[in-house]
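Q: when you get a sec, could you give me coordinates for this:
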Amino acid sequence: MHQELTLAETLHLLGLMGRDLPSFITSVSGRDDALDLVAEPRQVKRLPAPLKLATRLAPTVRATLRVVDVTDGVATFSVEANAGGLPAHKLLGLAASRIEAVVAAKGLPAGSVRVLPDARIALDVQRLLQARYPGTRVAGMTFRDGLVVLDGAAA
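A: Numbers count the residues shown, from 1 in each chain. Presented below is the predicted three-dimensional model:
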């Protein structure tokens with residue numbers, strides 16, 4: 001299996017979202033191995049208080065994600081984000097509990113999306129796919145020119 005998907009298609013495939021990206025993500029593009037996002041976090045409901053305060057100072061966030069490793073179906077991304085010139089990726093840890101709550105509310109495997117130190121996110125693509133498509137095996141995940149490239153096989 002080799003699939004090139006938009007970010008929205010990928011998140012839907014993994015069961016993390018519906019068919020459309022949330023309204024707070026206003027732009028997705030890419031260049032080479034990077035995925036670029038522009039978001040307006042003021043539109044996110046139930047933000048932790050420190051993040052809500054930060055959105056008053058810098059309402060637009062620009063982020064670049066890169067896949068830095070894929071091991072045993074777990075893709076690790078580096079996140080570089082800035083809001084008004086400030087390093088917003090340093091606040092990523094504050095969103096960890098919100099991310100865990102969304103994953104749990106969707107009935108997905110606990111720990112399948114984790115915020116790691118040093119502005120990284122671990123996405124257990126294997127577990128997420130297994131939850132929806134038993135027998136699917138993930139061999140790799142990369143970004144290419146704004147698309148998510150998944151390689152794998154059906155068992």
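
Q: what's the next secondary structure element after the helix or strand of the chain with the lowest mean pLDDT?
A: Here the helix or strand of the chain ranked lowest by mean pLDDT, DSSP states H and E is helix 49-57, holding a mean of 69. The first helix or strand that comes after helix 49-57 along the chain, using DSSP states H and E, is strand 61-71.

Q: that following strand - contacts with which helices or strands?
A: strand 34-39, strand 74-83, strand 136-144 (3 or more C-beta pairs under 8 Å, 6 or more residues apart in numbering; DSSP states H and E). Yep, even glycine has a C-beta here, placed from its N, CA and C like the rest.

Q: where does this structure dip in pLDDT?
A: 47-48, 50-51, 54-55, 58, 155 (pLDDT under 70).

Q: go with 90
A: Applying pLDDT under 90 to the chain flags the ranges 1-2, 17-24, 31, 39-61, 82-103, 105-106, 131-133, 135-136, 139, 152-155.

Q: now do the contacts for residue 23.
A: residue 43 (C-beta atoms under 8 Å, 6 or more residues apart in numbering).

Q: checking it next. Helix, strand or coil?
A: Three-state call for residue 23 (DSSP: H, G, I helix; E, B strand; the rest coil): coil.

Q: from residue 44, how far out is it?
A: Going from residue 23 to residue 44 by C-beta to C-beta, to the nearest Å gives 9 Å.

Q: quick revisit: could you dump the helices and strands packed on strand 61-71 into TSV with mean neighbour count and distance to residue 11 added?
A: Shown next, in TSV, are the helices and strands packed on strand 61-71 (neighbours: other C-beta atoms under 10 Å; distance: least, C-beta to C-beta, whole Å):
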stretch	mean neighbour count	distance to residue 11
strand 34-39	19	12
strand 74-83	18	13
strand 136-144	17	13
